[in-house]
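Trainee: I would like to see how this sequence folds:
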Amino acid sequence: MSNHIHKLIEEGEHQMLDFKFEISDSKKIARTLVAFANTDGGRLLIGVKDNGAISGIRSEEEKHMIQTASEMYCIPNVNFQAKEWNINGKTVLEIIVPKSKYHKHRAPDHNNIYKVYIRVKDQNILADGILLKIWKYQNNKQEVRVTFTESEMFLLKYLNDNKRITLKEFMKAAKISKKEAEKTLVNFTLINMLKLEITEKVIFFSLYEEDQ
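Mentor: Numbering: from 1, shown residues only. A predicted model of the protein is given here:
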């Protein structure tokens, strides 16, 4: 039975897997829960050090802190499944978080302001403003209208000659406002003309290709 945990540990931390030596802050763990739920879901192994060494959970209180994180510090609550594994006398807590279908969950930042987090590689990062706009349109199922303005045509030509572009690069190259640039990128993404590449620092946009 413990082979399951060993196989996960061998993967190392990544976008859908995180190790925690201990749970000492429910607000901090809430950010991990919402990041998983807002992205692709994932697993949290508690009682495992960053290097993969199994230390075991330190107290029963850690189980309650996970529940507290979900119920008190995730808006809306993040559903999860908890499993306990006994490995050489040490208890590893596996928290399984499914991808959320309907909501974008928020958790408190260091200033106790609730914000949307996503998971990028092995990091929990704040969702970019343009990504929040895309989600808002998707959730509201708003109609998207593309009229192929001068700036929209510029973007298509630019991406035909270059692989990708950021919001700031688009604003500078097309000499347009942030508002207009965001609107174009959001609209083209919603109609699947563009795809996103989310990194820890910035979002890149490139032409969407069916065969990719």
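Trainee: buried set for the helix-or-strand element of the chain with minimal mean pLDDT?
Mentor: Using mean pLDDT, DSSP states H and E, helix 129-140 stands out as the lowest-scoring helix or strand of the chain, at a mean of 86. Residues 130-131, 133-134 are the ones in helix 129-140 that count as buried (16 or more other C-beta atoms under 10 Å). For glycine as for every other residue, the C-beta is placed from the backbone atoms N, C-alpha and C.
Trainee: distance to residue 97 for those - can I get that in a markdown table?
Mentor: Listed next are the buried residues of helix 129-140 as a markdown table, based on distance: C-beta to C-beta, whole Å:
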| residue | distance to residue 97 |
| --- | --- |
| 130 | 25 |
| 131 | 19 |
| 133 | 25 |
| 134 | 22 |
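Trainee: tell me the buried residues in stretch 42-58?
Mentor: Residues of stretch 42-58 classed as buried: 42-48, 54, 56-57 (neighbour count, 16+ other C-beta under 10 Å).
Trainee: what's that stretch in contact with?
Mentor: With contact meaning C-beta atoms under 8 Å, 6 or more residues apart in numbering, stretch 42-58 is reached by 5, 8-10, 12-13, 15-23, 29, 32-33, 36, 62-63, 66, 87-97, 119.
Trainee: confidence score at the nearest residue to residue 81 once chain neighbours are set aside?
Mentor: Closest residue to residue 81 apart from its sequence neighbours, by C-beta to C-beta, 6 or more residues apart in numbering: residue 96 at 4.4 Å. pLDDT for residue 96: 98.
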